[in-house]
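J.: Return atomic coordinates for the entry below.
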Amino acid sequence: MRISVCVGNYAKKPYCIPGVELNVYSMEELCYCIKENAFFLDTSLMEDGLLDWIERECGLRELAKGLYPLVHKQGSLSAFVLAILRYVGFYDEEALQETESLLRQGAGLTGLEKRKSQMDYLVKKKRFRQALRGYDELLRSLKEAQGADASVEKGGSVGKEFLAKIWHNKAVAYAGLMFYGKAAECFRIAYEWDGSEEYCVDYLAAKRMELSEEEYVNFAASHGEWYPCTLELERKLERTMEEWEQQPDYLRLSNRKDQKSRDRRGFYEYNRRLTQALKESYRAE
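T.: Residues are numbered from 1 along each chain as shown. Purely as a prediction, here's the structure:
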């Protein structure tokens, strides 16, 4: 059993972390939210309000005093965050290095690139719905700032490749939610912006998941210009199936094929437990 000793007082008034808009009442909560949302943080965290909260609400005057030079002498965000995490001691060194890496990844990006990367990070963490809201907001702000065509043909600040990546990753988020029709539409838009064969293959993959076998064959046959991409998709699917057949889950399921006839009750009980575990895992994401 792991026991954690709390550092400082439990605050009567919460601190709202800027950028992620989360209220925290203790240093441990602050550290957890910082680590889990490291990619979303910026220098707005480095402000006197946090130092006052650490000193007055948590009673950690020594820590607040140590952080003061980083706030007022333009220290780096990563140094500021790591100073807090190390003082509290809530995470091991490996977790600290991971957090520092995420902070540095965001430091060298433009505002638009960082906003997109934040959404990409959410997709990686399977927080698909939150990512989709972010992509929609980003696309809406681009449209409002630069016009409906995002000025890509007029030398605007946003290029075709960048827009294509937004639409592509939005499609990935939809696919993660198994909304294959919406994913296909976003992949199609990404392909129209960039013309990449990879995006075309992804578009066809989403259509293949959306349509029945017969409908997909008819769809592919009606678009002969994509024939090389349809072949590449089938090759990718074949490789994926070969890799899946080597996975422990597949082997375990294969070995149970004859269990239904031998032990029907055990077969259905195992399926019930497996289904429940998958439901809980899905809800947790």
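J.: list the contacts for residue 91?
T.: 31, 35, 85, 99 (Cβ atoms under 8 Å, 6 or more residues apart in numbering). Where you see a C-beta, it was placed from the backbone N, CA and C, and this is true even at glycine.
J.: so how many other residues sit close to residue 94?
T.: The local packing of residue 94 (other Cβ atoms under 10 Å) involves 8 other residues.
J.: so which helix or strand takes in it?
T.: Assessed by DSSP states H and E, residue 94 sits inside helix 93-107.
J.: contacting residues around the helix or strand just after that helix?
T.: Heading C-terminal from helix 93-107, the first helix or strand you meet, by DSSP H and E, is helix 111-124. The contact list for helix 111-124 (Cβ under 8 Å, 6+ apart) reads 39-40, 42, 102, 105-106, 109, 128, 130-131, 134-135, 138, 142, 157-158, 162, 165-166, 169, 172-173, 176.
J.: still on that earlier bit, got the angle between the helix holding residue 94 and helix 111-124?
T.: Counting by axes from the mean of the first three to the mean of the last three Cα atoms, to 10 degrees, helix 93-107 lies at 140 degrees to helix 111-124.
J.: What helices and strands are in contact with helix 93-107?
T.: helix 27-36, helix 77-88, helix 111-124 (3 or more Cβ pairs under 8 Å, 6 or more residues apart in numbering; DSSP states H and E).
J.: what's the second one packed up against?
T.: Put plainly, it is helix 77-88. Contacts defined by 3+ Cβ pairs under 8 Å, 6+ apart place helix 77-88 against helix 27-36, helix 61-72, helix 93-107.
J.: Return the most buried member of those helices.
T.: Of all these, helix 27-36 has the most neighbours on average by mean count of other Cβ atoms under 10 Å, namely a mean of 20.
J.: between the contacts of residue 91, which is closest to residue 69?
T.: The closest of the contacts of residue 91 to residue 69 turns out to be residue 85 (Cβ to Cβ; 17.5 Å).
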